[in-house]
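Enquirer: here are the coordinates; sequence isn't available:
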């Protein structure tokens, strides 16, 4: 009978004691194979040291050593996973540094467009983008192909739209033209590209296009997630609701009660996408990150605005979710927050909140 293959998730004291018990009872390598240990708190060398010399259970009775893996693909996957956790946790400087180190190794091996090589590219770019280092993010995005010929190139080009849309670049239209064929074939490309094109249209005052692109993005998101509501719905739902709120406000100003009521009714439907993506109702799931909570707060505020209830309290929910600096930038750019700031034609949108923005120290 073949040995059962298992992984140990976390190599703290409990994980190490499980491993030691397998060794002490002669199970390791006979009835059970430990094929992986998942833990990013330190390196393998220190884990080996902790296993050898436990302050409570004494010395490990078996031989143990740490060796450097020659499996670059595995190393790149692990590097991407660490950088992603750092990005989602808000440690943007660490995320960009980790991704940069991984990219150097991928580049030396000619694997920058291979799985996890291209993932590290866009993660490196997003870390700088969300850190507020837009010039560096632009340099990285400029390296993403415009005239895309493959799905991987299309995904990177779609990611480039973050900075292109944020800066109101003329490159948005060019990227869209080359991305259109791939949006019809790849749901991930469509989700990223159409979501950002919806924002671009909204900030340009083209509400009809913003509403259509938002609806298409939600369809792509649901298709990509096999029909499950996910946190990826939050941002696009907030943008969709913002466009509906603008439509409703304009209709009320023009005395068109019918259009205002229609927009408010559609907003009531759309806000449910955001709530479902957050875990249901207005209470987000505990695992929802700071960016997700920020977009949920934005969605709820825009929903109220669509109904003609532009309440300051709804907008004040944002300071508890986004960093103060990002909040000020967001509100100063927003046409709807009631802060007294106004958006002029052609002004840039706020940076998409894919994560909080702690500090500006960075490693290329």
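Expert: Noted; the coordinates are in hand. This one's a predicted model, so the numbers in the text were calculated from it and none came from an experiment. Residues are numbered from 1 along each chain as shown.

Enquirer: and the closest residue in space to residue 31 that isn't next to it in sequence, how far from residue 19?
Expert: Among residues not flanking residue 31 along the chain, residue 3 sits closest, at 5.6 Å (C-beta to C-beta, 6 or more residues apart in numbering). Placement of C-beta: from N, CA and C, glycine included. Using C-beta to C-beta, to the nearest Å, residue 3 is found at 15 Å from residue 19.

Enquirer: low-scoring stretches of the protein, by residue?
Expert: 1, 38-42, 68-70, 280-287, 289, 317-364 (pLDDT under 70).

Enquirer: flag every buried residue along stretch 84-104.
Expert: Going by neighbour count (16 or more other C-beta atoms under 10 Å), the buried part of stretch 84-104 is 84, 86-87, 90-103.

Enquirer: in contact with residue 243, which residues?
Expert: 198, 201, 202, 207, 210, 211, 214 (C-beta atoms under 8 Å, 6 or more residues apart in numbering).

Enquirer: before we move on, which element is it in?
Expert: Here residue 243 sits within helix 233-253, counting by DSSP states H and E.

Enquirer: just after that helix, pick out the following helix or strand.
Expert: helix 257-278.

Enquirer: quick one: work out the angle between that following helix and helix 233-253.
Expert: 170 degrees (axes from the mean of the first three to the mean of the last three C-alpha atoms, to 10 degrees).

Enquirer: more neighbours, residue 3 and residue 19?
Expert: Regarding residue 3 and residue 19, a neighbour count based on other C-beta atoms under 10 Å identifies residue 19 as having more, with 20 against 14.

Enquirer: got the contacts of residue 243 as CSV, with distance to residue 175 columns?
Expert: Listed next are the contacts of residue 243 as CSV, based on distance: C-beta to C-beta, whole Å:
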residue, distance to residue 175
198, 14
201, 14
202, 17
207, 22
210, 17
211, 21
214, 18
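
Enquirer: got CSV for the residues you listed, with neighbour count and secondary structure too?
Expert: Output for the contacts of residue 243, formatted as CSV (neighbours: other C-beta atoms under 10 Å; DSSP: H, G, I helix; E, B strand; the rest coil):
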residue, neighbour count, secondary structure
198, 28, helix
201, 22, helix
202, 23, helix
207, 17, helix
210, 25, helix
211, 22, helix
214, 28, helix
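
Enquirer: would you map the strands across the stretch 51-200 of the chain?
Expert: 53-54, 58-59 (DSSP state E, counting those that start in this stretch).

Enquirer: elements contacting the last one?
Expert: So that's strand 58-59. If contacts are counted by 3 or more C-beta pairs under 8 Å, 6 or more residues apart in numbering; DSSP states H and E, strand 58-59 sits against no helix or strand.

Enquirer: what sits up against that strand?
Expert: So strand 58-59 is contacted by 52, 53 (C-beta under 8 Å, 6+ apart).

Enquirer: wait, what's in contact with residue 29?
Expert: Per C-beta under 8 Å, 6+ apart, neighbours of residue 29: residue 3.

Enquirer: pull the contacting residues for residue 145.
Expert: With the criterion set at C-beta under 8 Å, 6+ apart, residue 145 makes contact with 153, 156, 157.

Enquirer: most surrounded residue in these?
Expert: residue 157 (26 neighbours).

Enquirer: lovely, talk soon.
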